[in-house]
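J.: Below is the sequence, then the predicted model.
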Amino acid sequence: MSRTFKFPAVALGAALLAGCVSPGGLKPQQVPLAANRLALGTTLAGVARTPAAWPAAAWWRSFHDAQLDHLIDTALADNPDLAVAAARARAATAQAQGADAARLPTLGAGVSADGIRIPPTVIGAPLGGHYATLWRAGLSFSYSFDLWGGQRAQWRGALDAARAARVESDAARQLLAADVARAYVDYGYASQSVGILRENLAHSRRLLALTDRRVAAGLDNALQQAAARAALASATQQLEAAQRGQRAAALALAALCGQGPGFADSLHAPAPLRAAPLALPATLPAELLARRPDVTAALWRVQAAAQAIKAARAAFLPNINLAAGLGFASLGAGHLLEYAAHYEQFAPAISLPLFDGGRLRANLAGQDAAYDAAVAHYNATLVRAMQQVADGVSAIQSLDRELAAQEQAHAAAAQAWALAQDQLRAGVISQLQALQVQQALLAADQRRTQLRADRLSAGVSLVVALGGGYRPSTGTPVPATVAETRP
């Protein structure tokens, strides 16, 4: 290049580079939390710690209840919400495959025939004024060089999003199993309450009959009779409410299993389930991130958002695109495959955004915001996970203490009823007094049943808080550490 043109060319190149759009000043604001930054304090003090405390994949089988096993197996096979989650996971996988395919060269083949009459005012004879057909047959090739990794980042982001969708599908399965277990606990409690309240209703009827006889004999007055009638009406109402709760729990189980209301008719009242003693994993909270599917999925979403930022930044940089073609073209089909009809096309191009009205910066700012939202969601999910573990432990500890006290109260009420029966046979107390003692025993029995159901539900909630038995699928990588998720 001569000195005459060298300086203007350099000056023009510098001006173009200076005028290029720039991502300067744009960056995310949020930072992912590390699990070890969330101090447990004294919340879990005194709780047994063992590696075996992580829930098993089929944790509900530890209840040894065949009906519960069947219900959860049915729900996992037929629940429509699981089908939605699975379909979303497949769609995300397809998007990742599409993003991967976009990084590869494209090769196509085609044959076309374009007929046209060119006016003689445009082209003179012999072409002008006559109808002719242009035949073409050839191959086309195109490839966009990924100089700065933008296409790779798009593919990796789509892959991370697909992984998140698969984990969310697994999370939906674990939550569904827990919902079925809790509904089954409610169904069992309602069934036991129906039995207790039926006995209470029979007791109230005996009490009213006895009061009627005592009023007729002049031993009681209308006040005691009205009180006995009120007790009978209350017992009837409580039994109706318990039966309604039993039916509602059965219908809820049918819906969770993806079945119609008739499915509830096949259920039978379960035997009381036994709650597992409280224990926590020795590696908590370090392994909670990998054990909680919602936390894992949220971290995959953070990584996908980080890749989207890399792709958005790569769009600011120059890139090379290559297009090529090879084929034959002729105004007559008979000459299409002659050597003279062949053509070659080669079209490399370099692109560099100079001015776009702010579109690239707006896109990058949006991706930064999406990353911040994903990080905030991850942080909130991690905090909520720790809070759910602490809540579960606190609830179980409190319910265990309540149950211990209620067991003592129930034992005392049972002893009082035994003594009342002895005194009734000996004629020391009246039948009315004995029935009142029995009513106290029934109330203690109902309260104990309620607390046992609450303890079972709290145990299921703790299982969910500890990940519900989630394990990454074979061959599925675990998400990077939080330090590696910042773009």
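T.: Perfect, I can see it now. Residues are numbered from 1 along each chain as shown.
J.: how far is stretch 40-54 from where the chain is centred?
T.: 26 Å (C-alpha atoms, centre = their mean, to the nearest Å).
J.: outside of it, which residues touch it?
T.: 277-285, 287, 291, 386, 389-390, 393-394, 397, 466-467, 469 (C-beta atoms under 8 Å, 6 or more residues apart in numbering). For every residue, glycine as well, the C-beta is placed using N, CA and C.
J.: let's see 7 Å
T.: The contact list for stretch 40-54, computed with C-beta atoms under 7 Å, 6 or more residues apart in numbering, reads L278, A279, L280, P281, A282, T283, P285, R291, A390, V393, L466.
J.: any idea which of the residues you listed is closest to S169?
T.: R291 (16.7 Å; C-beta to C-beta).
J.: give the contact list for the closest one.
T.: W54, L466, G467, Y470.
J.: Out of those residues, which is nearest to A376?
T.: G467 (21.8 Å).
J.: list the helices and strands the helix or strand that contains R88 packs on?
T.: Here R88 sits within helix 80-101, counting by DSSP states H and E. The contact analysis (3 or more C-beta pairs under 7 Å, 6 or more residues apart in numbering; DSSP states H and E) places helix 80-101 against helix 150-216.
J.: Whatever helix or strand comes next after the helix it packs on - what's its average pLDDT?
T.: Using DSSP H and E, the next helix or strand after helix 150-216 towards the C-terminus is helix 222-256. For helix 222-256, the mean per-residue pLDDT is 92.
J.: angle of helix 222-256 against helix 80-101?
T.: 30 degrees (axes from the mean of the first three to the mean of the last three C-alpha atoms, to 10 degrees).
J.: Make CSV out of the contacts of stretch 40-54 and add secondary structure and distance to L256.
T.: Formatted as CSV, the contacts of stretch 40-54 follow (DSSP: H, G, I helix; E, B strand; the rest coil; distance: C-beta to C-beta, whole Å):
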residue, secondary structure, distance to L256
L278, coil, 27
A279, coil, 28
L280, strand, 28
P281, coil, 28
A282, coil, 33
T283, coil, 32
P285, coil, 30
R291, helix, 24
A390, helix, 28
V393, helix, 27
L466, coil, 21
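J.: Any chance of a ChimeraX selection covering the buried ones in these?
T.: Only the buried entries of the contacts of stretch 40-54 go into this ChimeraX selection, using 16 or more other C-beta atoms under 10 Å:
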select :278,280,281,285,291,393,466
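J.: any idea where the helices of the chain begin and end?
T.: 3-19, 66-78, 80-101, 150-216, 222-256, 288-291, 293-314, 359-426, 431-465 (DSSP state H).
J.: circling back to that earlier point, distance between the helix holding R88 and the chain's centre?
T.: On C-alpha atoms, centre = their mean, the centre of helix 80-101 falls 14 Å from the chain's centre.
J.: Repeat that for stretch 419-434.
T.: 59 Å.
J.: That stretch: end-to-end distance?
T.: End-to-end distance for stretch 419-434, by C-alpha to C-alpha, to the nearest Å: 9 Å.
J.: Show me what counts as buried in it.
T.: Buried, per 16+ other C-beta under 10 Å, within stretch 419-434: A420, L424, I429, L432, A434.
J.: again with stretch 222-231
T.: Judged by neighbour count (16+ other C-beta under 10 Å), stretch 222-231 contains these buried residues: Q224, Q225, A228, A231.
J.: picking up where we left off before, JSON lines please, covering the contacts of R291 and showing distance to Q446.
T.: Formatted as JSON lines, those follow (distance: C-beta to C-beta, whole Å):
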{"residue": "W54", "distance to Q446": "35"}
{"residue": "L466", "distance to Q446": "31"}
{"residue": "G467", "distance to Q446": "34"}
{"residue": "Y470", "distance to Q446": "37"}
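J.: By neighbours, which of the residues you listed wins?
T.: Taking other C-beta atoms under 10 Å as the neighbour criterion, G467 ranks highest of those with 26 neighbours.
J.: Skip the chain neighbours and tell me the closest residue to it.
T.: Among residues not flanking G467 along the chain, R291 sits closest, at 3.5 Å (C-beta to C-beta, 6 or more residues apart in numbering).
J.: hmm, back to that, which one of the buried residues of stretch 222-231 sits closest to V180?
T.: So of these, ranked by how close each gets to V180 (C-beta to C-beta), first place is A231, at 37.2 Å.
J.: separation between the spatially closest residue to H268 that is not a sequence neighbour and G195?
T.: Of all residues not flanking H268 in the chain, Q67 sits nearest, at 7.0 Å (C-beta to C-beta, 6+ apart). Distance, Q67 to G195, by C-beta to C-beta, to the nearest Å: 17 Å.
J.: who's more crowded, those two?
T.: Q67 (18 against 13).
J.: isn't that one right up against P270?
T.: Yes. Proximity of Q67 to P270 meets the contact threshold set by C-beta atoms under 7 Å, at 5.9 Å.
J.: Do you know the pLDDT at the residue nearest to D100 when sequence neighbours are not counted?
T.: Nearest residue to D100 in three dimensions, chain neighbours excluded: W155, at 4.8 Å (C-beta to C-beta, 6+ apart). With respect to pLDDT, W155 scores 94.
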